[in-house]
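**Student:** Got a sequence here, can you model it:
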Amino acid sequence: MIQLNNLATLPLATTCNGVQLGLWSKGARIAAAILCVAGSICSVPRHAAAGSARDYLNAPVDSWLASYNAEYESSVTPEDGLNVTAPIRTNVLVQSLVLTRVMDFWGRVGGLSAVLPYVRVASSLGSGASSVSGLSNVGFLGQINIFGGPALSRAEFAAAVPQTFSSFHLYIGTPLGDYEPSRLLNPSANRWTVRPTVNYSYTPDRGWTWLETYATVATFTANNAFEAGGASRLTQRPLFILEGHASRNVTSRLWLSADAYYDVGGETSIDGAPQRNAADTLRLGAGLGAKLWNGGDIVLNAEAVVAKPESEPNAVGVRLTLRQFW
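**Tutor:** Predicted coordinates for the structure are as follows:
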């Protein structure tokens, strides 16, 4: 099955809030505090984290899918979460264009995608503020059905009945993007990301209802040009994401969903010093999708952190996806 939504958006509250600020000077501690809340958000893109209900659906082979994704996230740290005198407030806007070619792989539906993301992030600590915008990590996605999603022509697809299926998806994020080693914030993470995902999507009533689970692990190479705050190298342990989605058609053109996300792991280290910032975060959300015209639809989602370690930020986010098949 083909991933349809959210190929370049952000995870909520998977940031390095436990940074060991005492390792650096007072001025660098303030810089590092903002960096670890805002900068690490940019280093863990949403396509390495969460998605929406019905992200993976069948499509006819020899077709194209273009999508526009946008997400706005706002987060605020606890006042004593980083041993600084004021909370860190961060606002992130991510937009992306994704082009996918749907193909026949040995009788199974699959696809290849190119992802072009653009990020704007602004963060403030007391009276100090910093912001940046630019091209984020360019990525590529390959995917193939495991079972339940045969390769279908357009005529076959029009008559097909939706069925339970599973599929495999492999995202590769490149270091390509706007990055300046000494800059406090950066749109790009300056490293490679590898993110395999397996989805299991169950329908008891021919596609009217979907109950879905997505399991993802994201791994990261080192950023050896991490010079902010007097540092030189940033590394990150694997990040694990488990999602559950329940969606139901209201009409033949409109569906609603309830969504849950659990993130664990992903601790960062700066110059070998663990930052004690591993994610252990539960988020809940809701969404809707609507068919706008033939081959075109819209998906809206909102979510918020509901359980987290004490030092992690509170965060809320909304996102929009517009897509068109042809």
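**Student:** switch to C-alpha atoms for all contacts and neighbour counts from now on
**Tutor:** Will do.
**Student:** Low-confidence ranges, the stretch 51-200 of the chain, go.
**Tutor:** The stretch 51-200 of the chain contains residues with pLDDT under 70 at 79-86.
**Student:** contacting residues for Ser167?
**Tutor:** When contacts are counted by C-alpha atoms under 8 Å, 6 or more residues apart in numbering, Ser167 is found next to 1, 143-147, 198-200.
**Student:** which among those gets closest to Arg319?
**Tutor:** Top of the list for closeness to Arg319, among the contacts of Ser167 and by C-alpha to C-alpha, is Asn199 at 20.9 Å.
**Student:** Let's verify the closest one: helix, strand, or coil?
**Tutor:** What DSSP: H, G, I helix; E, B strand; the rest coil gives for Asn199 is strand.
**Student:** That one: what's it in contact with?
**Tutor:** If you count contacts by C-alpha under 8 Å, 6+ apart, Asn199 has them with 56, 166-168, 212-215.
**Student:** Leaving out chain neighbours, which residue sits closest to it?
**Tutor:** By the measure of C-alpha to C-alpha, 6 or more residues apart in numbering, the closest residue to Asn199 outside its immediate chain neighbours is Tyr214, 4.3 Å from it.
**Student:** Pretty sure that neighbour sits in a helix.
**Tutor:** No - going by three-state DSSP, the assignment for Tyr214 is strand, not a helix.
**Student:** From Phe157, how far out is Gln269?
**Tutor:** Just to correct that, residue 269 is Ser rather than Gln. Between Ser269 and Phe157 the computed distance is 48 Å (C-alpha to C-alpha, to the nearest Å).
**Student:** quick one: which of those two has more around it?
**Tutor:** Regarding Ser269 and Phe157, a neighbour count based on other C-alpha atoms under 10 Å identifies Ser269 as having more, with 20 against 16.
**Student:** So which bits of stretch 242-250 are buried?
**Tutor:** Using 16 or more other C-alpha atoms under 10 Å as the test for burial, stretch 242-250 gives 242-249.
**Student:** In a markdown table, list those residues along with distance to Leu135 and pLDDT.
**Tutor:** As requested, the buried residues of stretch 242-250 are exported to a markdown table (distance: C-alpha to C-alpha, whole Å; pLDDT from 0 to 100):
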| residue | distance to Leu135 | pLDDT |
| --- | --- | --- |
| Leu242 | 28 | 97 |
| Glu243 | 28 | 97 |
| Gly244 | 31 | 98 |
| His245 | 31 | 98 |
| Ala246 | 34 | 98 |
| Ser247 | 33 | 98 |
| Arg248 | 36 | 98 |
| Asn249 | 36 | 98 |
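**Student:** Relative to Ser74, which of those is nearest.
**Tutor:** Checking the buried residues of stretch 242-250 against Ser74 by C-alpha to C-alpha gives Glu243 as the nearest, at 21.1 Å.
**Student:** For stretch 265-272, the averaged confidence score.
**Tutor:** This predicted structure assigns stretch 265-272 an average pLDDT of 91.
**Student:** now do the same end-to-end measure for that stretch.
**Tutor:** Note: stretch 265-272 ends 17 Å apart using C-alpha to C-alpha.
**Student:** where do the helices sit along the chain?
**Tutor:** Applying DSSP state H to the chain gives helices spanning 26-34, 40-43, 154-159.
**Student:** any idea how far the last one is from the chain center?
**Tutor:** A distance of 32 Å separates the centroid of the chain from that of helix 154-159, by C-alpha atoms, centre = their mean, to the nearest Å.
**Student:** Residues contacting that helix, please?
**Tutor:** Applying C-alpha under 8 Å, 6+ apart, the external contacts of helix 154-159 come out as 59-61.
**Student:** could I get those residues as a markdown table with neighbour count and distance to Ser113?
**Tutor:** A markdown table is the format used below for the contacts of helix 154-159 (neighbours: other C-alpha atoms under 10 Å; distance: C-alpha to C-alpha, whole Å):
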| residue | neighbour count | distance to Ser113 |
| --- | --- | --- |
| Ala59 | 27 | 14 |
| Pro60 | 23 | 15 |
| Val61 | 21 | 14 |
